[in-house]
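K.L.:
okay, predicted coordinates and the sequence, questions at the end:
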Amino acid sequence: MKTLKKILIGLVCLILGGLLFYYIGWSFSPGSYSKAEIYKLEISEDSLIEIIKEVKLENPNLDLKQMVGQEFQLTEGRQDSSDYWYDIYFYYPDKQQIVKTWIRPNYESGVDFAFVAVNNGLILGNWVDANQYFWWWKNKPLKTEFEIRILEKIKLKIKK
């Protein structure tokens, strides 16, 4: 009985230690957008940019510039010629939320399309990362909404 108890305690300690190690690694994850949700799409970067422009034309409520005005300080595209990410912003008018995404070529084929964060309100600084929380079920509603409101529309256009 004592050996079974020792094995059980050892197993629980091993699981808790593994979770702690994973949590520490997740907390200090390196990179500029370490908590972004990345979707791999089999399409060229230029084609995806054009598709996103079409989606925004067909759904003007998703276009931040049309909904809030041209003077808003978030610029889409690359900041300069050395920038790796092509930034794109969307808008949820019913929630007054700004959605930050980016596109970058991946090394296999196609592009990475990332859902980075959502800003609550039109005053910048209230960003919530797509994978802000350690427990996946807390991030799920934010990612599901993005997939339904934006990603599905883009994927439908890619299939055409």
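P.N.:
Arrived safely, thanks for sending.

K.L.:
dump the residue contacts of Lys40.
P.N.:
Counting by CB atoms under 8 Å, 6 or more residues apart in numbering, Lys40 touches Asn106, Glu108, Gly110, Val111, Asp112, Phe113. (Glycine included, C-beta is placed from N, CA and C.)

K.L.:
list buried residues within those.
P.N.:
In terms of neighbour count (16 or more other CB atoms under 10 Å), the buried residues within the contacts of Lys40 are Gly110, Val111, Asp112, Phe113.

K.L.:
measure the first one to Ile154 for me?
P.N.:
The reference is to Gly110. In this structure, Gly110 and Ile154 are 13 Å apart, going by CB to CB, to the nearest Å.

K.L.:
show me where this structure has strands.
P.N.:
Counting by DSSP state E, the chain has these strands, from start to end: 37-41, 86-92, 97-105, 111-120, 127-129.

K.L.:
among those strands, which comes closest to Lys53?
P.N.:
Evaluated with CB to CB, the strands of the chain place strand 86-92 nearest to Lys53, the distance being 9.3 Å.

K.L.:
and that closest one, average pLDDT?
P.N.:
Taken as a whole, strand 86-92 carries a mean pLDDT of 94.

K.L.:
do you know how far Lys35 is from Trp135?
P.N.:
Counting by CB to CB, the gap from Lys35 to Trp135 is 13 Å.

K.L.:
same check, this time on Leu64
P.N.:
For Leu64, the distance to Trp135 (CB to CB) stands at 30 Å.

K.L.:
what's opposite the residue most central in space within the chain in the beta bridge?
P.N.:
Per CA atoms, centre = their mean, the C-alpha nearest to the average position across the chain is that of Phe115, at 2.0 Å. Note on Phe115: beta-bridge partners Glu37, Thr101, judged by DSSP bridges.
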